[in-house]
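> attaching a predicted model along with its sequence, questions to come.
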Amino acid sequence: MNIVVLIKLIPDLIEELSIHSNGVALDMDWIRLIINEFDDHALEQAILLKESYDANVTIIAPDVEGVDDVLFTGLAKGVDRSIKLLGDFEEGVNSHALARVFKKTVQDLEPDLILTGVQAHDDLDGSVGPLIAGYLDYPYVGYVSGVKIIDGKSMVRKEYPGGLIAEMEVILPAVLGIQAAEKPPRYVAISKVRQAMKTATIDEIDVDELDITGGPTVNRMFKAKSGERATMIEGDEEEVADRLVEIFKEIGVL
């Protein structure tokens, strides 16, 4: 079985985010990029499938700052091949463009299964999974929390709101949007990553000029402004409760 995992790096929300002087994008010069959390779960799910079904796992990611560390970490975890796509990604790229550049490389690999994170916090124009499924004309299932392979078909566990769980049989090849791997993403020691850097290689593939059509047009970005509508209520439990009732009556709730 041939499995491909599509990786996206996103701004680390722990860091301070700055808006570019043009006012329509983040300033990428000072942003720290990390692997998308859901993509990390997709990678873990792929490795679990490899361990269960003797699959071959390839991970693909665009060339942005920090991508080599992510790809070497994947190799240290047990990935068979890492591919870095070389193109004009540094200033950011929308999901449509990313899915298009993934498409050609994925087609050449002829995968049985494509795994990607179900979403990312900077997806303004939809997530990559359903987009690439549409470009490849493959079936897609999102919000997946478990995958098994039975008789050449994929049995997936899909989560719905309200705690509902469904099991679906999906004909391969297919694209799955992973919400959670069956086990938490494994930790890999820095020493193993450094060893991978010495013994493994990252394949590099040039991509065509990015086609960003289909994505949103951002006219202006603003930092959120703090409001002044919070009211701190002091006193004991009864005093707080009485004041809450008064406020609810004032605004017409009671």
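All right, it came through fine. Owing to the predicted nature of the structure, the values given are computational and were not obtained by experimental measurement.

> could you give me the buried positions within stretch 184-199?
185, 188, 193, 196-197 (16 or more other CB atoms under 10 Å). In short, each C-beta sits where N, CA and C put it, glycine included.

> take those and keep only those in helices.
193, 196-197 (DSSP state H).

> now tabulate the buried residues of stretch 184-199 in a markdown table and tack on distance to residue 117 and pLDDT.
Shown next, in a markdown table, are the buried residues of stretch 184-199 (distance: CB to CB, whole Å; pLDDT from 0 to 100):
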| residue | distance to residue 117 | pLDDT |
| --- | --- | --- |
| 185 | 11 | 96 |
| 188 | 19 | 94 |
| 193 | 21 | 95 |
| 196 | 22 | 95 |
| 197 | 25 | 95 |
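
> helices or strands up against the biggest strand by length in the chain?
In the chain, with assignment by DSSP state E, the single longest strand is strand 140-150. For strand 140-150, the packing partners by 3 or more CB pairs under 8 Å, 6 or more residues apart in numbering; DSSP states H and E come out as helix 37-53, helix 128-136, strand 153-160, strand 164-171, strand 174-178.

> and those, which is most packed in?
Among the helices and strands packed on strand 140-150, strand 174-178 has the highest mean neighbour count (mean count of other CB atoms under 10 Å), at a mean of 25.

> quick check: mean pLDDT of that strand?
The predicted model assigns strand 174-178 a mean pLDDT of 97.

> what do you get for stretch 143-153?
92.

> which residues are contacting that stretch?
The contact list for stretch 143-153, computed with CB atoms under 8 Å, 6 or more residues apart in numbering, reads 1, 45, 49, 52-53, 113, 115, 118, 154-160, 165, 169-172, 176-182.

> quick check, residue 118 in contact with residue 37.
No. With contact defined as CB atoms under 8 Å, residue 118 and residue 37 do not form a contacting pair (10.1 Å).

> point out where the chain drops to low pLDDT.
Residues of the chain that meet the criterion pLDDT under 70 lie in 91.

> ok, 90 please
13-32, 54, 88-93, 122, 124, 151-152, 159-163, 208-232, 251-254 (pLDDT under 90).

> re earlier: okay, the ones in helices among the buried residues of stretch 184-199 in JSON lines with distance to residue 240 next?
Below are those laid out as JSON lines (distance: CB to CB, whole Å):
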{"residue": "193", "distance to residue 240": "52"}
{"residue": "196", "distance to residue 240": "57"}
{"residue": "197", "distance to residue 240": "58"}
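
> out of those, who's nearest residue 30?
Nearest to residue 30 among those is residue 193, at 25.0 Å by CB to CB.

> just the element for the nearest residue to that closest one once chain neighbours are set aside, please.
Nearest residue to residue 193, sequence neighbours excluded (CB to CB, 6 or more residues apart in numbering): residue 76, at 4.7 Å. For residue 76, the element it lies in under DSSP states H and E is helix 67-77.

> after that helix, next one along is what?
strand 81-86.

> please name every helix or strand in contact with that following strand.
Right, strand 81-86 is packed against strand 56-62, helix 67-77, helix 95-109, strand 202-206 by 3+ CB pairs under 8 Å, 6+ apart.

> just checking: what are the partner strands of that strand?
strand 56-62 (parallel), strand 202-206 (parallel) (DSSP bridges).
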